[in-house]
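1. A predicted structure for the sequence below; I have some questions about it.
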Amino acid sequence: MREATLLVRRRIPFYATNPDKTFPTPRGEIPGAGAWISVITTATDVEPIYAGKPFPYLMELSLERLGTKKEETLVVGDRLETDIAAGQAVGYPTALVLSGVSTRAQANEWKPKIDFIADDLSSLIG
């Protein structure tokens, strides 16, 4: 954290993958990328350039690499505000798996509506 702070203060570009506050593990949620990013942001007053979800760049690049159409490419994730928001931002069908962070109650309130909601990944593809 110390070295990253010093680099950002020297105007080295500050890139981040995603703002997820937590990361689910079998033992429970632990700090995610967003938690670590917030340390640097607090220490420098510099916001990162996000390369990943929920921003569309990686979604669009993935579509290009896959060579598929939007309507036949499913974005699957366990977090509404990044995974699902990213897919919806670029017009892909989305599937929320409830084995991670977001709950069914949160999913039911989410707008726009999610295309598929599954308990876990195996029930989504099974």
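-> That came through fine. Numbers count the residues shown, from 1 in each chain.

2. list the buried ones in the helix ranked longest in the chain?
-> Criterion DSSP state H: the longest helix present in the chain is helix 33-44. Neighbour-count burial for helix 33-44, counted by 16 or more other Cβ atoms under 10 Å, picks out 33-34, 37, 40-41, 44. (Each C-beta comes from the backbone N, C-alpha and C, glycine too.)

3. elements contacting it?
-> Helix 33-44 sits against helix 2-9, strand 22-25, with contacts defined as 3 or more Cβ pairs under 8 Å, 6 or more residues apart in numbering; DSSP states H and E.

4. give me the contact list for the longest one.
-> Contacts of helix 2-9 from elsewhere in the structure, counted by Cβ atoms under 8 Å, 6 or more residues apart in numbering, are 14, 39-40, 43-44, 46.

5. that helix vs helix 33-44, what angle?
-> 60 degrees (axes from the mean of the first three to the mean of the last three Cα atoms, to 10 degrees).

6. now do helix 2-9, average pLDDT.
-> The average pLDDT within helix 2-9 is 98.

7. what's the first helix or strand after that helix?
-> Remark: after helix 2-9, the chain's next helix or strand is strand 15-16, criterion DSSP states H and E.

8. before we move on, what about the shortest one?
-> Beyond strand 22-25 in the direction of the C-terminus, DSSP H and E gives the next helix or strand as strand 28-31.

9. before we move on, the earlier item: tell me which of the helices and strands packed on helix 33-44 sits nearest to A51.
-> The closest of these to A51 is helix 2-9. By Cβ to Cβ, the value is 15.7 Å.

10. mind listing what's buried along the closest one?
-> Applying 16+ other Cβ under 10 Å to helix 2-9 flags 4-5, 8 as buried.
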